[in-house]
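Participant: Generate a structure from the sequence data that follows.
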Amino acid sequence: MKPTKVPLGLFAATRAIAQGKLSPQDYLQQCVARADEREPSLHAFVARTPTDNLLQGVSDGEWAGIPVGIKDLIATRELTTTNGSPIYADQVLGYDAPIVAHIRQLGAAVFGKTVTTEFAWRQPGPTVNPFNAAHTPGGSSSGSAAAVAAGIVPLALGTQTVGSVIRPAAFCGVVGVKASFGAVPREGVFPLSGSLDHVGFIARSVNDVAYAFNLLRNKVAIEPDSIVLPPVPMNTEVGIEPSSAPRLAWLRTPFDDRVTVEQKQAMDKSVAQLRAKGAVVEEFSLPDEYWTGIDAMFCLLECEGGAIHQEHVKRFPERSSVHLKELVEKGQARSAFEYLAARGLQQRLRADAATQFKGFDAVLTIPATGEAPEGLAFTGDPVFCALWSFLGLPALTMPIARSAKGLPLGLQLIAPYRQDAHLLRTGRWVELSLPAA
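Facilitator: Alright, predicted model coming up:
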């Protein structure tokens, strides 16, 4: 049987629908056909909205006919929200998280709930990598990244506490963005660590994630820690108007010995291509104190996550994974002094990062140590994402190459806190300057 055609990405689809070149129903049918073909082996969804409901529910709006994948930590009124845990296997909340309600107001459809690891922590779900089913798609936004990469939906919501948007997007060869901490609504999202949790976007291009950011970011600061950021300048026909050739800080880290040869080679080649296009790329390092932030991040996560999940582990030990139990144990072993010190370091380094990055448009690094690991038990090392989650800085990943096994490899760009629009403009320049991966 001939494979179904991959439907258009978010920005292109909305333009085609607005211009009358594509009907919302036809686009939804294309996405349904793609899901029917790929999902039986991909396992990206916990639940899907019935096709008849999707087609009959098409409404007016800028995103009319656009199906969106919603990570299974985020409240939806009609589909189950299981949080990736058997404890909540049958939970139907009956209400939408504000970000989901906004998606519907734009005319988009909730296509389904995408697989997450248990409570966005380490116990994986059944989703496989779209490029090789013997490999992980990454986590915890496993289903969201796989569904976008397989062409089922043009946009999916993910969450990131350590590396859970950027890493799976990189492993699945798509584009992921984690905005500055507090820039995207989190109400209605089951928390893992309140001082670290972000909602992010996974799509197929920088235009796509920037478009999602523009429409779904906070417009008012209502939630605790929320901020309001300006939109990314976008042309209605071509999308982001990219920056001029940027100055990039190519980051050296204490963890570079973990990086595979293929990932190093892919980065070297990309840097050479960017320089040939006019970018200035300079090697760069951070003060040692920054790297202590990763240990501090785990202190925050263990304390906050442990407090959230201690009742789950106590009441439902047989339905709680060993990973969840270990998280609670580690949190209970932490002291208030450690926690407060970690919070202080987080705030101080977040403010200082703008000084460290001064003179650069973005920091250039990698999203993961290499290709997606073989097997489904381990979703990959998040160390190259962790510091940016701790500091709450905006991060963007895009594919740049394939490994010898045909698995995607990516790069990551970071900017100072609140500089999301500049990051995405820089990212668009980089995307346009590199050959398609």
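Participant: Please enumerate the strands of the chain.
Facilitator: Read by DSSP state E, the chain holds these strands, from start to end of the chain: 45-48, 67-71, 109-114, 155-160, 175-178, 198-203, 234-235, 239-240, 247-251, 280-284, 362-365, 395-402, 408-414.
Participant: Given the first one, what are its sheet partners and their directions?
Facilitator: Note on strand 45-48: by DSSP bridges, its sheet partners are strand 109-114 (antiparallel).
Participant: Using CSV, write down the CA coordinates of the partner strand.
Facilitator: Extracted in CSV, the C-alpha atoms of strand 109-114 (Å, rounded to 0.1, in the frame of the first residue of the first chain):
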residue,chain,number,x,y,z
ALA,A,109,-9.4,20.6,17.2
VAL,A,110,-8.0,18.4,20.0
PHE,A,111,-6.9,15.5,17.9
GLY,A,112,-6.0,13.4,21.0
LYS,A,113,-3.9,13.0,24.1
THR,A,114,-0.3,12.1,23.5
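Participant: Next, the angle from that strand to strand 198-203.
Facilitator: Orientation of strand 109-114 against strand 198-203 (axes from the mean of the first three to the mean of the last three Cα atoms, to 10 degrees) gives an angle of 110 degrees.
Participant: pLDDT (mean, whole number) over strand 109-114?
Facilitator: Across strand 109-114, pLDDT averages out at 98.
Participant: How about stretch 250-264?
Facilitator: Averaged across stretch 250-264, the pLDDT comes to 98.
Participant: Make CSV from the strands of the chain and add distance to D352 and mean neighbour count to it.
Facilitator: From N, CA and C alone the C-beta is placed, and that goes for glycine too. Shown next, in CSV, are the strands of the chain (distance: least, Cβ to Cβ, whole Å; neighbours: other Cβ atoms under 10 Å):
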stretch, distance to D352, mean neighbour count
strand 45-48, 41, 22
strand 67-71, 32, 29
strand 109-114, 36, 26
strand 155-160, 22, 29
strand 175-178, 20, 30
strand 198-203, 20, 27
strand 234-235, 31, 14
strand 239-240, 29, 22
strand 247-251, 15, 19
strand 280-284, 15, 14
strand 362-365, 14, 25
strand 395-402, 17, 26
strand 408-414, 14, 26
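Participant: how about low-confidence regions in this protein?
Facilitator: Applying pLDDT under 70 to the chain picks out residues 1.
Participant: Distance of the residue nearest the centre of the chain relative to G176?
Facilitator: Nearest residue to the geometric centre of the chain (Cα atoms, centre = their mean): V165, 2.3 Å. According to Cβ to Cβ, to the nearest Å, V165 stands 5 Å off from G176.
Participant: which neighbours do the two share?
Facilitator: 158, 200-202 (Cβ atoms under 8 Å, 6 or more residues apart in numbering).
Participant: And the helices in this protein?
Facilitator: Read by DSSP state H, the chain holds these helices, from start to end of the chain: 10-18, 24-42, 51-56, 98-105, 142-149, 166-171, 206-216, 261-276, 288-315, 322-333, 336-356, 383-391, 420-433.
Participant: Make JSON lines out of those and add distance to G188 and mean neighbour count.
Facilitator: Below are those laid out as JSON lines (distance: least, Cβ to Cβ, whole Å; neighbours: other Cβ under 10 Å):
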{"stretch": "helix 10-18", "distance to G188": "22", "mean neighbour count": "20"}
{"stretch": "helix 24-42", "distance to G188": "24", "mean neighbour count": "19"}
{"stretch": "helix 51-56", "distance to G188": "21", "mean neighbour count": "14"}
{"stretch": "helix 98-105", "distance to G188": "6", "mean neighbour count": "19"}
{"stretch": "helix 142-149", "distance to G188": "16", "mean neighbour count": "34"}
{"stretch": "helix 166-171", "distance to G188": "21", "mean neighbour count": "34"}
{"stretch": "helix 206-216", "distance to G188": "13", "mean neighbour count": "25"}
{"stretch": "helix 261-276", "distance to G188": "36", "mean neighbour count": "16"}
{"stretch": "helix 288-315", "distance to G188": "15", "mean neighbour count": "18"}
{"stretch": "helix 322-333", "distance to G188": "22", "mean neighbour count": "17"}
{"stretch": "helix 336-356", "distance to G188": "24", "mean neighbour count": "15"}
{"stretch": "helix 383-391", "distance to G188": "20", "mean neighbour count": "25"}
{"stretch": "helix 420-433", "distance to G188": "22", "mean neighbour count": "24"}
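Participant: Can you say which of the ones you listed is nearest to P373?
Facilitator: helix 166-171 (8.6 Å; Cβ to Cβ).
Participant: hang on, the earlier thing: so what's the residue nearest to the centre of the chain closest to, chain neighbours aside?
Facilitator: Nearest residue to V165 in three dimensions, chain neighbours excluded: G200, at 3.5 Å (Cβ to Cβ, 6 or more residues apart in numbering).
Participant: Ok, G176 next?
Facilitator: A169 (2.8 Å).
Participant: residues in contact with that neighbour?
Facilitator: Applying Cβ under 8 Å, 6+ apart to A169 gives the contacts 138, 141, 145, 148, 158, 175-176, 202, 367, 397, 410.
Participant: Give me the distance between it and P137.
Facilitator: 10 Å.
Participant: what's the overlap in contacts for the two?
Facilitator: Common contacts of A169 and P137, defined by Cβ under 8 Å, 6+ apart, comprise A145.
Participant: picking that back up, residues contacting the residue nearest to V165?
Facilitator: Contacts of G200 (Cβ under 8 Å, 6+ apart): 141, 157-160, 165-166, 176-179, 184.
Participant: Isn't the residue nearest to the centre of the chain up against G138?
Facilitator: No. Taking contacts as Cβ atoms under 8 Å, V165 lies outside contact range of G138: 9.4 Å.
Participant: Find the nearest non-adjacent residue to P86, please.
Facilitator: Among residues not flanking P86 along the chain, R319 sits closest, at 4.5 Å (Cβ to Cβ, 6+ apart).
Participant: Name the nearest residue to M398, sequence neighbours excluded.
Facilitator: Closest residue to M398 apart from its sequence neighbours, by Cβ to Cβ, 6+ apart: V175 at 5.0 Å.
Participant: In the sheet, which residues pair with that neighbour? Tell me.
Facilitator: V175 has these beta-bridge partners by DSSP bridges: A203.
Participant: before we move on, back to that, the strands of the chain: which one's closest to P98?
Facilitator: strand 198-203 (10.5 Å).
Participant: what angle sits between that closest one and strand 395-402?
Facilitator: Strand 198-203 and strand 395-402 are oriented at 40 degrees to each other (the same axes, to 10 degrees).
Participant: contact partners of stretch 321-334?
Facilitator: By Cβ under 8 Å, 6+ apart, the list of residues contacting stretch 321-334 from outside reads 118-119, 121-123, 299, 301-307, 309-310, 312-313, 317.
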